[in-house]
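>>> below: sequence and its predicted model.
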Amino acid sequence: MPDLSGTVTLVTGAGGGIGAGIAERFAAAGAAVVAHHRGGTGPAAAKAARVVDRIVEQGGRAVTARADVTDPDACAALVNVAFARFGRLDAVVACAGVQPVTPLTGLDQAGWREVVDANAAGSFATLQAAAARLRGGGGSITLIASIEGTRPAAGHAHYAASKAAVIMLARAAALEYGPSGVRVNSVSPGLVDRAGLESDWADGVARWRGRAPLGRMGEPCDVGDACVFLASPMARWITGHDLVVDGGMSAVPGW
């Protein structure tokens, strides 16, 4: 694993399964971590707190921070937490988002906006706030997209559209922020395991395992390791790239 000792990483959505895994992998690489959650006293806030506790118990440095990532001012304040607590910021991973299932025939404007705002607008506000503080000093920003940004699934039109926007946002940002030394990439996971997924969607999990070349679902650490790589000096000449982490599913023919 790359050595990120002495660096600081902000991970949004660290109260979710993938976000928690990303935060823990950065900590394992030696980075101090700001673990974001949306707020309140719900499961996401509790999970982010547990992530921080585990990192600290293992000798790392981490704090939680709450913010609504669709609010630009809240994102700016979130970025400031890294500087206030650790004195610097080197990498940002924008993982906060939602993934409801709604057929197009039952999707209304409110449902569309909820998903697009959380996934695309939230990534935009996080990116813009982070880049404002990183420009000139360099750094890495990684946006978590999805393989559904290029291969949609039924009931996920709003989700797929929002993730397609995230992929293009990363590419456009790489173009504009590159001269300032800031690298911007996206990571597109495939199906990542979570508690209850196999019982909630047994047939889908079985189909995935049967078709994926590597024969398994992903784990949050698989996505986390990709993000650590992109934030490390090993990726110093990589920007504007969408790194697909899906066990080979994108190589499976659709006919």
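Nice, thanks for sending it over.

>>> ok, now which ones touch D71?
A125 (CB atoms under 8 Å, 6 or more residues apart in numbering). (Glycine included, C-beta is placed from N, CA and C.)

>>> which phi and psi does it have?
phi -100, psi 110 (degrees, to the nearest 10).

>>> and it, how far is that from A28?
31 Å (CB to CB, to the nearest Å).

>>> what of A82?
Taken as CB to CB, the span from A82 to A28 is 19 Å.

>>> ditto for V34
From V34 to A28 the distance is 16 Å (CB to CB).

>>> between the two, tell me which one has more neighbours.
Neighbour count, other CB atoms under 10 Å: between V34 and A28, V34 has more, with 29 against 17.

>>> hang on, isn't the more buried one packed against V11?
Yes. Using CB atoms under 8 Å, V34 makes contact with V11 at a distance of 7.0 Å.

>>> OK, contacts around L175?
G240 are the contacts of L175 under CB under 8 Å, 6+ apart.

>>> so it is in which element?
In this assignment (DSSP states H and E), L175 forms part of helix 157-177.

>>> look up phi and psi at A129.
Per degrees, to the nearest 10, the backbone of A129 is at phi -70, psi -40.

>>> now for it, how many residues are close by?
23.

>>> pLDDT value on it, please?
The model reports A129 with a pLDDT of 98.

>>> and the closest residue to it other than its chain neighbours, what element?
Spatial nearest neighbour of A129, excluding adjacent residues (CB to CB, 6 or more residues apart in numbering): C75 at 3.8 Å. Assigned by DSSP H and E, C75 belongs to helix 72-86.

>>> got a list of contacts for that helix?
8, 10, 12, 32, 34, 36, 61, 63, 65, 67-69, 88-89, 92, 125-126, 128-130, 132-133.

>>> tell me where the stretch 151-255 of the chain has helices.
Ranges of helices in the stretch 151-255 of the chain, per DSSP state H, counting those that start in this stretch, are 157-177, 197-200, 202-211, 220-231.

>>> okay, these, which one's buried deepest?
Among the helices of the stretch 151-255 of the chain, helix 220-231 has the highest mean neighbour count (mean count of other CB atoms under 10 Å), at a mean of 23.

>>> dump it to CSV, keeping only the CA atoms.
Listed next in CSV are the C-alpha coordinates belonging to helix 220-231 (Å, rounded to 0.1, in the frame of the first residue of the first chain):
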residue,chain,number,x,y,z
PRO,A,220,-15.6,-1.4,0.4
CYS,A,221,-11.9,-1.9,0.7
ASP,A,222,-11.6,-2.7,-3.0
VAL,A,223,-12.9,0.8,-3.8
GLY,A,224,-10.9,2.3,-0.9
ASP,A,225,-7.6,0.9,-2.4
ALA,A,226,-8.4,2.4,-5.8
CYS,A,227,-8.9,5.8,-4.1
VAL,A,228,-5.7,5.5,-2.1
PHE,A,229,-3.8,4.7,-5.3
LEU,A,230,-5.3,7.8,-7.1
ALA,A,231,-4.4,10.0,-4.1
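
>>> wait, what's in contact with R25?
With CB under 8 Å, 6+ apart, R25 has these contacts: M1, C221, G224, D225, C227, V228.

>>> go with 10 Å
Counting by CB atoms under 10 Å, 6 or more residues apart in numbering, R25 touches 1, 4, 9, 11, 31, 33, 93, 220-229.

>>> same deal with L214?
Contacts of L214 (CB under 10 Å, 6+ apart): G190, D222, D246, G247, G248, M249.

>>> for A212, same thing?
Counting by CB under 10 Å, 6+ apart, A212 has contacts G190, L191, G218, D246, G247, G248, M249, S250, A251, V252.

>>> that one and V101, how far apart?
Distance from A212 to V101, by CB to CB: 20 Å.

>>> cool, and G196?
For G196, the distance to V101 - CB to CB - is 15 Å.
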